[in-house]
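Engineer: Provide a 3D model corresponding to the input given below.
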Amino acid sequence: MKTYKIVVLGDFGVGKTSLIRRYVLDEFSDEYRATLGVHLYKHADTLAGEDIEISLVVWDIEGAPLPSGQTKRYIVGASGAVIVGDMTRDDPFSAMWSAADMFEEALPGRPLCLALNKSDVAVIESPETVTRMKRRYDCNAFETSALTGDCVTPMFHDLARSILARGL
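Structural biologist: As a prediction, the model looks like this:
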């Protein structure tokens, strides 16, 4: 079983760690602790509805308003990315655009997906922006909730399928 590196990118406090912990450990904590640097989570999984086993090393990268030089170094060698935005914020998309552009520039042709996080407490105010992002990055978007677990595993499975389809 081959191991794939997944990076999770987004601004501070958007729920990156919570999404990862929900996927890898099936747990949620409402205690916020900012990630400093990077934390790694290894997870073996079987894609839903298929007999395909995958091994993911998920890199939980510290948030930043704009992607930093350090963030760019962390993404080297990634097979795919999850770009996370907090839908309770006034402007959840500008940081998502920056992170997605940086990832695509560094690793052209690698798949990414969009996590429209905190769907349990927010409604997407700008579905047309989501549509533009999906078209621009040729990706899927998921309304996720680390609290309830909604769409978290399907999102990671979708990204894994995209990685496998591209033979990465």
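
Engineer: how about stretch 44-53: buried residues?
Structural biologist: Using 16 or more other Cβ atoms under 10 Å as the test for burial, stretch 44-53 gives 45, 47. The way it works is simple: take the backbone N, C-alpha and C, and place the C-beta from them, glycine included.

Engineer: can you list contacts of that stretch?
Structural biologist: With Cβ atoms under 8 Å, 6 or more residues apart in numbering as the test, stretch 44-53 has contacts from 1, 54, 55, 56, 153, 154, 156, 157, 160, 161, 164.

Engineer: greatest separation within those residues: which pair is it?
Structural biologist: The distance between the two most remote of the contacts of stretch 44-53 (Cβ to Cβ) is 20.6 Å, for 1 and 154.

Engineer: quick check: phi and psi on residue 157?
Structural biologist: Dihedral pair for residue 157: phi -70, psi -40, per degrees, to the nearest 10.

Engineer: what is the neighbour count of residue 101?
Structural biologist: Residue 101 is flanked by 14 other residues according to other Cβ atoms under 10 Å.

Engineer: how about the residue of the chain most remote from its centre, secondary structure?
Structural biologist: The C-alpha centroid of the chain is most remote from residue 51, which lies 23.5 Å away (Cα atoms, centre = their mean). On the three-state scheme (DSSP: H, G, I helix; E, B strand; the rest coil), residue 51 is labelled coil.

Engineer: from now on call the first residue 28
Structural biologist: From this message on, residue numbering opens at 28, which makes the last subject residue 78.

Engineer: I figured residue 171 hits residue 180, correct?
Structural biologist: No. If you go by Cβ atoms under 8 Å, residue 171 and residue 180 don't touch, sitting 9.9 Å apart.

Engineer: more neighbours: these two, which one.
Structural biologist: Set residue 171 next to residue 180 and count neighbours by other Cβ under 10 Å: residue 171 wins out with 32 against 16.

Engineer: so what pairs up with the more buried one in the strands?
Structural biologist: Counting by DSSP bridges, residue 171 is bridged to residue 144.
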